[in-house]
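[1] sequence unknown, structure follows:
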Ligand code: GTP
């Protein structure tokens, strides 16, 4: 294909501004699918994605479009993951395109993720076409939002298109805009050895591992032997194709083109996103720039409620890893929770998604321990270690310094919630770095320890602002802080799953809160139970759960047998969800609830 007839583009937007709806419209307009095949949202293929309305993995679709100039163009739409947890994947996806559509809800305006995403596109030197969506809404103010885009982002909105992805109004203008204002790929040379970017990889039950590639130099065909430059692995290409949007095999992919290749690759983990693919023998001289190893930043323990499910859990995690290489784990044994896994995630949303998939797709009942960040430690003997699990904290006397990850957060909010949001950030050890007003909304920048965000910052922010505030963050580095390990003791036994690292100044408050919570959550027993929070040997908070005076079990007189049986079954199920600990049973909800702050 003539490169000048190709347009590779992505859509950047804040969540809910209509990215998927627009993508569907573009696909529909370019006739890729019949109406019956046109499922509600083609690009978001996983259930959870659809339910939460977020895009997790990048996908690509090839659209054939005959423009008003009479030429037939190939438009490759690369769908980027919409969340900050996947920001490296977003950057690799954007690197495969020359331009972006910036979709902004004309009734809402610019939001935190609009900014984060558009800046990533600008970093990749993209040409950007602003698209004002939802102009069918009475509250839409396209002129005001255009001014906002010019003010805040500094983009020219002269060519901006106004559309309604819902009604289909203006979709033709978007396609024309793509052809007219977004650049074609340049510089690729079909005569040179293959140089292709590994944009994404996922596991398909029918095709196996599917690798999304963007060709820079050379031509990719089936039967060729290729090499992944980072990992050194070599494969014979079984097939190459494009998504139109159904997977369709093609003879070859040349410079500027985007498509997929299938080889006998076992798992997605063998494909490093951002890697360069070349020929096995005749190699390209230089790998593409920008490769980065993806590191998990948040860890938590996952344990089966019923120990007998351990093998099922292991099998389920293996399956998930087939299509999500960024999810890592190792075995972990906890005195309180038994055998399980310590899992690493790219961020909080990633953690939630994996937990949800495990329980939903694999029907597993899980206990998750408190999420923890990765701490760096310098020991007194000079050794450097990384701590993924507070339960593994070494003797305090051996630790010289503990450093925790800090983030830079951007929050957008209507003015009326500003006070409570500032207080929330302040309570979480935040340091305000910027406060400005743009188009009637406040933009706040804060530096915050990631540790303080991992619990329930999103939830708090949402409820404080009634859902109006938007939030985005990036990790900026590690800082040495006065951190201590706090143990929670139930009946004088430390519960390892509840151990955590906290800032010394916050320890008392946090400890008291945990004890109070647990007191309400742990069922009373026939004896008195002390619940304590301690740092080293020093108890900093204490509650006592009083003993049961008499048997309060409701007696079931008469009634029919099936009802009794039901009750018994219910009771049995309830029992299974408890964890016997130091003769005290701690229900699963207690673990989860105890870890929420407010
Ligand atoms: P993520 O996948 O979470 O990034 O969201 P998205 O940006 O893809 O948004 P999506 O396309 O799922 O649209 C969000 C909501 O806005 C849906 O309920 C759509 O039906 C609605 N919506 C999208 N476009 C329009 C529009 O032009 N007008 C109106 N009224 N609603 C729209």
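    Ah, there it is. Source: prediction; values computed, not measured.
[2] Now do the strands in the stretch 251-400 of the chain.
    252-253, 258-263, 276-279, 298-304, 328-334, 338-345, 366-368, 372-373, 375-379, 384-387, 399-414 (DSSP state E, counting those that start in this stretch).
[3] which residues does the closest residue to residue 452 other than its chain neighbours contact?
    Once flanking residues are discounted, residue 452 sits nearest to residue 428: 3.7 Å by CB to CB, 6 or more residues apart in numbering. (Each C-beta comes from the backbone N, C-alpha and C, glycine too.) Counting by CB atoms under 8 Å, 6 or more residues apart in numbering, residue 428 touches 448-449, 452-453, 457.
[4] tell me the two of these that are most distant?
    Using CB to CB, these span at most 10.7 Å, a distance reached by 449 and 457.
[5] Tell me where this structure has helices.
    Along the chain, the segments classed as helices by DSSP state H run 19-29, 47-52, 87-95, 112-123, 142-148, 171-181, 310-323, 348-361, 418-427, 450-453, 457-464, 504-521, 561-576, 588-595.
[6] Double-check residue 346 against residue 325; I have them as touching.
    No. Using CB atoms under 8 Å as the test, residue 346 is too far from residue 325 to be in contact (10.7 Å).
[7] thinking again about what came up before, columns distance to the ligand, mean neighbour count and mean pLDDT on top of the strands of the stretch 251-400 of the chain, output as TSV?
    Below are the strands of the stretch 251-400 of the chain laid out as TSV (distance: least, CB to the nearest ligand atom, whole Å; neighbours: other CB atoms under 10 Å; pLDDT from 0 to 100):
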stretch	distance to the ligand	mean neighbour count	mean pLDDT
strand 252-253	28	20	96
strand 258-263	20	24	94
strand 276-279	29	24	95
strand 298-304	21	24	87
strand 328-334	26	17	86
strand 338-345	19	21	89
strand 366-368	24	22	83
strand 372-373	26	22	86
strand 375-379	32	17	93
strand 384-387	33	14	91
strand 399-414	16	19	90
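[8] The closest residue to the ligand within the stretch 451-598 of the chain pairs with what?
    Per CB to the nearest ligand atom, residue 470 is where the stretch 451-598 of the chain lies closest to the ligand, at 12.1 Å. Beta-bridge partners recorded for residue 470 (DSSP bridges): residue 412.
[9] Tell me the spacing between it and residue 408.
    To residue 408, residue 470 is 15 Å away according to CB to CB, to the nearest Å.
[10] rewinding a little: lowest average pLDDT across the helices of the chain?
    Note on those: helix 47-52 shows the lowest mean pLDDT, a mean of 49.
[11] re earlier: neighbour count: residue 346 and residue 325, which is higher?
    Ranked by neighbour count (other CB atoms under 10 Å), residue 346 and residue 325 place residue 346 first, with 25 against 18.
[12] for that one, phi and psi?
    For residue 346, the backbone dihedrals are phi -70, psi -20 (criterion: degrees, to the nearest 10).
[13] pretty sure residue 332 contacts residue 340?
    Yes. Counting by CB under 8 Å, residue 332 does reach residue 340; the two are 5.5 Å apart.
[14] list residues touching both of the two?
    residue 301.
[15] Looking at the helices of the chain, which is nearest to residue 201?
    Set against residue 201 and scored by CB to CB, the helices of the chain come closest in helix 310-323, at 8.2 Å.
[16] in the sheet, who's paired with residue 200?
    Going by DSSP bridges, residue 200 forms beta bridges with residue 212.
[17] Look up the pLDDT of it for me, please.
    Residue 200 is given a pLDDT of 87.
[18] The one 4 residues further on now?
    The predicted local confidence for residue 204 comes out at a pLDDT of 77.
[19] Distance-wise, check it relative to residue 238.
    Note on residue 204: its distance to residue 238, by CB to CB, is 13 Å.
[20] swap in residue 120?
    Distance, residue 120 to residue 238, by CB to CB: 33 Å.
[21] So if I had to pick from these two, which one is more boxed in?
    residue 120 (20 against 15).
[22] give me every residue that touches that one.
    Contacts for residue 120 (CB under 8 Å, 6+ apart) come out as 12, 87, 90-91, 94.
[23] Residue 249 too?
    Shown in contact with residue 249 (CB under 8 Å, 6+ apart): 239-241.
[24] I'd like the contacts of residue 428 written out as CSV, with neighbour count and distance to the ligand added.
    Shown next, in CSV, are the contacts of residue 428 (neighbours: other CB atoms under 10 Å; distance: CB to the nearest ligand atom, whole Å):
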residue, neighbour count, distance to the ligand
448, 20, 24
449, 21, 28
452, 22, 26
453, 24, 20
457, 21, 19
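[25] Any idea how many residues pack against the residue in the stretch 251-400 of the chain that the ligand sits nearest to?
    In the stretch 251-400 of the chain, the residue found nearest to the ligand is residue 349; the distance is 11.2 Å by CB to the nearest ligand atom. Neighbours of residue 349 under the rule other CB under 10 Å: 20.
[26] tally of neighbours for the residue nearest to it when sequence neighbours are not counted?
    In space, and not counting its chain neighbours, residue 349 is closest to residue 85: 4.8 Å by CB to CB, 6+ apart. Residue 85 has 23 neighbours, counted by other CB under 10 Å.
[27] Quick check, residue 85 in contact with residue 346.
    Yes. In this structure, residue 85 is within contact of residue 346 by CB under 8 Å, at 4.5 Å.
[28] on that earlier part again, from the contacts of residue 249, which single one is nearest residue 412?
    Closest approach to residue 412 among these (CB to CB): residue 241, at 40.7 Å.
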